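# Give the three-dimensional model of this entry:
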Amino acid sequence: MLEALQILKFTYKQDRLNFTEDLVTDERDYTIFGPVTPRAVDELVAAGKLPELDKLLANTRDIDCN
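Take a look at the predicted model:
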């Protein structure tokens with residue numbers, strides 16, 4: 001039992017909190033061409049920028065049709 005607790009302690013001690021993991025941007029989320037990423041959609045919806053999302057999706061459909 002004590003060995004198991006020591007292993008857990010070691011495992012948790014090695015973990016580090018990372019408060020900026022979700023703040024790091026992914027270049028694919030901000031490209032002008034190509035598919036719309038789920039993260040870009042989530043950010044636009046959360047910010048209430050539905051007209052911008054609509055334009056972005058329309059541009060994607062136009063590119064796919066050409």
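# All the helices of this protein, in order from the start?
2-14, 38-46, 50-65 (DSSP state H).
# buried stuff in the second one?
Along helix 38-46, these residues count as buried under the neighbour rule (16 or more other C-beta atoms under 10 Å): 40, 44. No exception for glycine: its C-beta is placed from N, CA and C like everyone else's.
# least reliable of the helices of the chain going by mean pLDDT?
Of all the helices of the chain, helix 50-65 carries the lowest average pLDDT, namely a mean of 78.
# Which strands or helices does that helix pack on?
In terms of contacts (3 or more C-beta pairs under 8 Å, 6 or more residues apart in numbering; DSSP states H and E), helix 50-65 is packed against helix 38-46.
# Quick one: closest of the helices of the chain to Glu27.
Glu27 lies closest to helix 38-46 among the helices of the chain, at 11.3 Å (C-beta to C-beta).
# Tell me which other helices or strands the closest one touches.
Packing contacts for helix 38-46, counted by 3+ C-beta pairs under 8 Å, 6+ apart, involve helix 50-65.
# residues of the helix it packs on that come out buried?
Those buried within helix 50-65 under the rule 16+ other C-beta under 10 Å are 53, 56.
# re the thing from before, distance to Glu21 for the helices of the chain - can I get that in CSV?
Output for the helices of the chain, formatted as CSV (distance: least, C-beta to C-beta, whole Å):
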stretch, distance to Glu21
helix 2-14, 16
helix 38-46, 13
helix 50-65, 24
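# Can you tell me which of those helices is nearest to Asp22?
helix 38-46 (9.3 Å).
# tell me the angle that closest one makes with helix 50-65.
Inter-element angle recorded for helix 38-46 and helix 50-65: 150 degrees (by axes from the mean of the first three to the mean of the last three C-alpha atoms, to 10 degrees).
# roughly how far is helix 38-46 from the heart of the chain?
Distance of helix 38-46 from the chain centroid (C-alpha atoms, centre = their mean, to the nearest Å) equals 9 Å.
# just stretch 39-53 next, same as before
Remark: stretch 39-53 is offset 13 Å from the chain centroid, using C-alpha atoms, centre = their mean.
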